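**Q** please work out how this folds:
(one chain, ligands or ions: 2)
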Amino acid sequence: MISKKMLDALNKQINAEMYSSYLYQSMSAWLSWKNLNGFAKWFAVQAREETKHAMKFYDYIYDQLGRVTLAAIDAPPADFASVKNIAAKQLEHEKKVTGMINNLVKLAREEKDYATEIFLQWFVTEQVEEEKNAEEIILKLEMLGDKGQALYLLDKEMGKRE
Ligand SMILES: [Fe+2]
Ligand SMILES: [Fe+2]
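**A** Ligands and ions are numbered 1, 2, ... in the order given. Prediction:
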């Protein structure tokens with residue numbers, strides 16, 4: 001069993017992961033509109049990953065005999081200045097999520113909830129990967145440029161993500 005406080009925090013994280021999914025799907029929608037279909041695909045795959053993160057929390061709550069309660073998901077921004085702006089916003093968002101995961105670990109420690117602390121380890125590791133992926137997109141855009149042929153080729157590469 002987990003405490004009410006821990007349960008509430010985990011339920012909140014389901015909402016945060018769903019918001020991440022919504023945010024990346026909104027970025028994907030904007031990218032499709034700009035005919036950057038490779039980038040659009042990359043962000044659509046990322047959106048699906050975030051839904052899977054939400055479901056990991058969901059399943060864990062039931063493993064602990066808790067109850068899932070779903071709240072409204074905030075609307076993500078619909079307009080973005082550029083593909084570079086999207087990449088910067090993604091990194092900023094992932095850093096924010098890393099902070100949320102760290103706070104959950106902190107709470108689990110305060111509660112001496114070792115099972116939840118171990119469950120959260122996967123997310124601690126995942127956030128390192130998430131920040132790295134976001135950083136890589138920024139670096140590629142800086143290295144190659146975000147216009148013309150360079151952007152065309154980078155878009156093709158991004159579209160390879162399954
Ligand atoms: Fe996530
Ligand atoms: Fe993420």
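**Q** now stretch 6-13 - C-alpha only, PDB.
**A** C-alpha atoms of stretch 6-13 as PDB (Å, rounded to 0.1, in the frame of the first residue of the first chain):
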ATOM      1  CA  MET A   6       2.100   9.500  -2.600                       C
ATOM      2  CA  LEU A   7      -1.000   8.300  -4.400                       C
ATOM      3  CA  ASP A   8      -2.100  11.900  -5.100                       C
ATOM      4  CA  ALA A   9       1.400  12.800  -6.400                       C
ATOM      5  CA  LEU A  10       1.400   9.700  -8.700                       C
ATOM      6  CA  ASN A  11      -2.000  10.600 -10.000                       C
ATOM      7  CA  LYS A  12      -0.800  14.100 -10.700                       C
ATOM      8  CA  GLN A  13       2.100  12.700 -12.700                       C
END
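**Q** list the buried residues in the strand or helix carrying residue 40.
**A** Assigned by DSSP states H and E, residue 40 falls within helix 37-63. The neighbour-count check on helix 37-63 (16 or more other CB atoms under 10 Å) flags 37-44, 46-47, 50, 53-54, 56-58, 60-61 as buried. (Glycine included, C-beta is placed from N, CA and C.)
**Q** chain center to the host helix or strand of residue 138, what's the gap?
**A** Per DSSP H and E: residue 138 is located in helix 114-144. Centroid displacement of helix 114-144 relative to its chain, using CA atoms, centre = their mean, to the nearest Å, is 9 Å.
**Q** just the closest residue of the protein to ligand 1, please.
**A** Nearest residue of the chain to ligand 1: residue 53, at 3.6 Å (CB to the ion).
**Q** now the residue lying closest to that residue once chain neighbours are set aside: how far from residue 144?
**A** Sequence neighbours aside, residue 17 is the residue nearest to residue 53 in space, at 4.3 Å (criterion: CB to CB, 6 or more residues apart in numbering). Per CB to CB, to the nearest Å, residue 17 is found 31 Å from residue 144.
**Q** the two: which has the busier surroundings?
**A** Just comparing residue 17 and residue 144: by other CB atoms under 10 Å the higher neighbour count belongs to residue 17, 23 against 14.
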